[in-house]
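K.L.:
Fold the following and give me the result.
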Amino acid sequence: MPTEISTHGWAQPERQARWAEAISETYFPLSLEFASEQPFDGHLQRWSTPSTPLSLSRLRSSPLGYSRSKAHVGQDHEAFYLVTVPRSSEVHFEQEGHPLSCSPGGFIVERGDAPYRFHYGTQNDLWVLKLPERALKAHLLGHKRYTRHCFDASQGLGRIFVEQLDLCARHFDASPAAARHLLLEQASATLLLALQQDERVLGSEGNNLSTLHLTRVEQYVQQHLGDPELSPQTIASACGLSLRYLHKLFAITPYTLGEWVRQQRLEAVHRQLCDPHCHLAIGELAFRWGFTDQAQFTRAFRQHYGCTAREVRAARLQ
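P.N.:
The predicted model follows:
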C-alpha cells in the first residue's frame with residue numbers, strides 16, 4: 001500500500017503544521033504559505049521502494065505556496081529534483097529569476113539544489129516524481145537548463161511519461177516487490193528521453209552550437225554504449241567534430257568524456273542487475289555494456305556504488 005496522509009480527521013488548528021511536516025518528509029525541507037481566507041484540506045499518497053531513490057506521489061490540496069531557501073538547501077545530504085505534473089489547475093514556479101506557468105497538459109522540473117518558489121491559487125491535483133540530481137546529471141549534460149521550460153505532456157514521449165506515472169500508481173501494489181522499482185525507473189527513463197528531445201533546451205544555456213553538439217554526442221553514445229570499440233575518436237568522427245573540440249565540450253560539464261561514458265555503462269549494468277527478468281551472469285552483463293576487462297569493471301562498479309555487482313543482485317533476490 002502507498003504511504004498515505006490526509007488532513008481528514010485532523011483538527012483545523014493543527015493541519016498546517018502537520019501538513020508542512022509531511023511535505024518536507026516526502027520531498028525535502030520547504031516553507032509553506034497557506035491561504036488565510038479558507039480552511040486547508042490535503043491528501044498525499046506516496047509510492048517508493050527501498051531499492052531506488054526514486055519516488056512517486058500524488059498531492060491534492062487547497063491553494064498553497066511552497067518556497068525553498070538557501071537554509072533549506074543546506075540541510076540536504078543529497079540533491080533531488082522534482083518533476084511536477086498539474087492535473088487540475090495551473091501552477092506557477094520561479095527559480096533563479098526564471099518564472100514559469102504550467103497548466104494541465106504539461107510538466108515542469110524543479111531543482112532542489114537551489115532556492116525557488118512554487119504556488120497554485122486554486123484546488124489542485126499533482127503528480128510529483130522525485131529523483132536524485134545524479135540521475136539527471138548522468139544522462140543530461142547541462143541538466144540545470146531543463147528547469148526553465150514547461151514541457152508538453154499532451155503528446156509524444158511527454159504524454160507516455162505521464163501515463164506511466166498513472167500506471168505505476170495503479171499497478172504498484174499488485175506488482176511483485178522485486179519489480180516495483182522497475183515501474184519507477186521506466187517512468188524516469190521515459191522522462192529523460194522526453195527532456196532530451198525538446199529542442200528549446202538546446203538554446204537555453206551557454207553557446208547554442210556547443211549545446212547542440214553535446215546533445216548529439218549524448219545520443220550517439222547512448223546508441224553505441226555496448227560497443228567496446230567506442231572511443232573519443234570514433235565519437236568525434238561520428239559527430240563531425242575534432243577530437244580536441246570534443247574534449248573541450250566536456251570541459252564545461254562535471255565529467256571528462258571517459259568518465260561520463262564509463263558512468264553510463266555502469267548504470268546500464270546496474271539497471272539490469274536490478275531487473276528480476278534478467279538472468280545473465282555479471283560478466284556477461286559487463287561485456288554487453290562495453291567492459292572488456294572484468295577486473296576493471298569490478299573496481300569501477302565498487303567505486304561508483306560502494307558495493308559489488310554481486311551484492312546488488314543478492315539484495316534484489318532477497
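
K.L.:
Okay, strands next: where are they in the stretch 151-300 of the chain?
P.N.:
151-152 (DSSP state E, counting those that start in this stretch).

K.L.:
remind me which residues of it are low pLDDT?
P.N.:
Residue ranges of the stretch 151-300 of the chain with pLDDT under 70: 199-208, 252.

K.L.:
For it, which segments count as helices?
P.N.:
Here the stretch 151-300 of the chain has its helices, by DSSP state H, counting those that start in this stretch, at 156-171, 180-196, 208-223, 232-238, 243-250, 257-273, 282-288, 294-305.

K.L.:
Identify the residues contacting the last one?
P.N.:
In this case it means helix 294-305. Applying CB atoms under 8 Å, 6 or more residues apart in numbering, the contact partners of helix 294-305 are R262, Q263, L266, V269, H270, G283, A286, F291, T308, A309, V312. For glycine as for every other residue, the C-beta is placed from the backbone atoms N, C-alpha and C.

K.L.:
Buried among those? Make that a PyMOL selection.
P.N.:
Remark: buried members of those, expressed as a PyMOL selection using 16 or more other CB atoms under 10 Å:
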select buried, resi 262+263+266+269+270+286+291+309+312
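
K.L.:
just curious, which of the contacts of helix 294-305 is nearest to R159?
P.N.:
H270 (28.0 Å; CB to CB).

K.L.:
burial of P228, as a residue count?
P.N.:
By other CB atoms under 10 Å, the residues close to P228 number 11.

K.L.:
ok, it - contacts?
P.N.:
Counted by CB under 8 Å, 6+ apart, P228 has contacts F287, G290, F291, T292.

K.L.:
coming back round to it: could you dump the contacts of helix 294-305 into CSV with distance to R87 added?
P.N.:
Shown next, in CSV, are the contacts of helix 294-305 (distance: CB to CB, whole Å):
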residue, distance to R87
R262, 39
Q263, 34
L266, 36
V269, 36
H270, 32
G283, 46
A286, 42
F291, 43
T308, 42
A309, 39
V312, 35
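
K.L.:
Please identify which two of the contacts of helix 294-305 are farthest apart in space.
P.N.:
Q263 and G283 (19.8 Å).

K.L.:
Specify the angle between the helix or strand hosting D125 and helix 180-196 in degrees.
P.N.:
For D125, the host element (DSSP states H and E) is strand 124-132. Strand 124-132 runs at 100 degrees relative to helix 180-196, counting by axes from the mean of the first three to the mean of the last three CA atoms, to 10 degrees.

K.L.:
Counting neighbours, what do you get for V83?
P.N.:
Neighbour tally, V83, other CB under 10 Å: 25.

K.L.:
how about it, phi and psi?
P.N.:
phi -110, psi 120 (degrees, to the nearest 10).

K.L.:
and whichever strand or helix holds Y81, what does it pack onto?
P.N.:
Using DSSP H and E, Y81 maps to strand 80-86. Here strand 80-86 touches strand 106-111, strand 124-132, helix 133-139, going by 3 or more CB pairs under 8 Å, 6 or more residues apart in numbering; DSSP states H and E.

K.L.:
and that strand, which strands flank it?
P.N.:
Paired strands of strand 80-86, with direction, are strand 106-111 (antiparallel), strand 124-132 (antiparallel) (DSSP bridges).

K.L.:
Mean neighbour count added to those, as a markdown table?
P.N.:
Output for the strands paired with strand 80-86, formatted as a markdown table (neighbours: other CB atoms under 10 Å):
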| stretch | mean neighbour count |
| --- | --- |
| strand 106-111 | 23 |
| strand 124-132 | 21 |
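
K.L.:
Adding mean pLDDT and distance to S154, write those out as CSV.
P.N.:
Listed next are these as CSV, based on pLDDT from 0 to 100; distance: least, CB to CB, whole Å:
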stretch, mean pLDDT, distance to S154
strand 106-111, 95, 8
strand 124-132, 96, 14
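
K.L.:
quick one: which of the ones you listed is nearest T3?
P.N.:
Nearest of those (CB to CB): strand 124-132, 12.7 Å.

K.L.:
Next, the angle helix 156-171 makes with that closest one.
P.N.:
Going by the same axes, to 10 degrees, strand 124-132 makes 100 degrees with helix 156-171.

K.L.:
Just the CA coordinates for strand 124-132, please, in CSV.
P.N.:
Extracted in CSV, the C-alpha atoms of strand 124-132 (Å, rounded to 0.1, in the frame of the first residue of the first chain):
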residue,chain,number,x,y,z
ASN,A,124,-5.0,21.3,-7.3
ASP,A,125,-4.1,17.6,-8.0
LEU,A,126,-0.4,16.9,-8.8
TRP,A,127,1.7,14.0,-9.8
VAL,A,128,5.3,14.5,-8.4
LEU,A,129,8.2,12.3,-9.4
LYS,A,130,11.2,12.8,-7.1
LEU,A,131,14.6,11.7,-8.4
PRO,A,132,18.2,12.3,-7.4
